[in-house]
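Student: Here's my sequence, what's the structure:
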Amino acid sequence: MKETVDAVVNSRYPEMSSEGRKIVESVLVRRDLNRGEMLIHEKQISRHMVFVAKGMLRQYYFKNGKEVTEHFSYEGCILMCIESLLKQEPTKLVAEALEQSTVYLLPYDTLLKLTESVKEINIFYRKVLEYSLITSQIKADSWRFEIASERYNLLMKTHPEVIKRAPLSYIASYLLMTPETLSRVRAGSL
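Tutor: Down below sits the predicted model:
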C-alpha cells in the first residue's frame, strides 16, 4: 500500500510529508478485481477516489449503443468519475478491470473531512482536481484540433503503458477513430 500511496502522491504533490502520506494510507480500503470485473457501474453514485496499485482499468460510456473509452488508469494512477464524485449523482461512466487488478479506495466523505482538518490533504485534493481539469482540457483539445496520427503519437508519448497493454479496439475508441484508422496510423500510412 505504501508504494501505491507514494506513487500517487508523488505524481500530484511530491512535497507531502510522510505523516500526510500515513494519514492517506490509514483510510484506504483494498479491493482486488478480476479481469473484466466492474468497479463502477453506469447509474451508480461514485463514492471513492481510486488509487491503482496493480493492473489496468478502463472508464467508458455508451453512445449510440457503442462503448466509448474515456480514460485508462494503471499503476500509480488515480481513477475517479469526477462529476459523480463531486455532485454525488449517478454516473454515466463504467469502470472495468482490463487486467487482474488491485486498487485502493479512498472514501470521498472521509477525504472531505480530512481536507478540513489536514492542510496537506487539502493541498493534495486540490492538486488532484487541478491535474484532472488540465488533463481533460488537453484531451479535449487533442480531439478537436489534432489529426489521428497526432492523437496516437500524443498517447504514445504520454501513456506508453496504454499502447503496450490495452486492446487496440479500446485505444481506437479512446482516440475517437475506428480500429481500421488506428491500424493505418500504426502502419504509418496516415
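Student: per-residue confidence for A187?
Tutor: At A187, the pLDDT value in this model is 88.
Student: measure it to Y152 for me?
Tutor: Distance from A187 to Y152, counting by C-beta to C-beta, to the nearest Å: 11 Å. To be clear about C-beta, it is placed using only N, CA and C from the backbone, and glycine gets the same treatment.
Student: So between the two, which is more surrounded?
Tutor: Neighbour count, other C-beta atoms under 10 Å: between A187 and Y152, Y152 has more, with 21 against 8.
Student: Now that one. Nearest residue, chain neighbours left out?
Tutor: Leaving aside its chain neighbours, Y152 sits nearest to V185 (4.8 Å; criterion: C-beta to C-beta, 6 or more residues apart in numbering).
Student: What are the boundaries of the strands in the chain?
Tutor: Taking DSSP state E to define them, one finds strands in the chain at 29-33, 38-40, 48-54, 56-63, 66-74, 78-79, 94-97, 101-107.
Student: Can you tell me what sits against the fourth one?
Tutor: To tie it back to what came earlier, the one meant is strand 56-63. Strand 56-63 has contacts (C-beta atoms under 8 Å, 6 or more residues apart in numbering) with 33, 39-40, 42, 50, 67-74, 79, 81, 92-99, 101, 103, 161-162, 165-166, 170, 173.
Student: List buried residues within these.
Tutor: When the contacts of strand 56-63 are checked for burial by 16 or more other C-beta atoms under 10 Å, the buried set is 33, 39-40, 50, 69-74, 79, 81, 93-98, 101, 103, 162, 166, 170, 173.
Student: For I121, list the residues it contacts.
Tutor: Each residue near I121 by C-beta under 8 Å, 6+ apart is listed here: G20, I23, V24, L111, L114, T115.
Student: isn't the first one right up against E120?
Tutor: Yes. Using C-beta atoms under 8 Å, G20 and E120 qualify as a contacting pair, with a distance of 3.7 Å.
Student: Any stretches of this protein with poor pLDDT?
Tutor: 189-190 (pLDDT under 70).
Student: Please, where are all the helices along it?
Tutor: Residue ranges of the helices in the chain, as given by DSSP state H, are 2-12, 18-27, 82-87, 108-117, 119-145, 148-158, 160-165, 168-174, 179-187.
Student: Would you mind measuring from E146 to P107?
Tutor: Using C-beta to C-beta, E146 is found at 37 Å from P107.
Student: my bad, should have said I23
Tutor: Distance of I23 to P107, computed by C-beta to C-beta: 13 Å.
Student: For the two, indicate the residue with more neighbours.
Tutor: Ranked by neighbour count (other C-beta under 10 Å), I23 and P107 place I23 first, with 18 against 15.
Student: In contact with the more buried one, which residues?
Tutor: L114, V118, E120, I121.
Student: The first one: neighbouring residues, count only.
Tutor: Spelled out, it's L114. When neighbours are defined as other C-beta under 10 Å, L114 has 21 of them.
Student: Spatially nearest residue to it (excluding sequence neighbours)?
Tutor: Nearest non-adjacent residue to L114, counting by C-beta to C-beta, 6+ apart: I121, 4.2 Å away.
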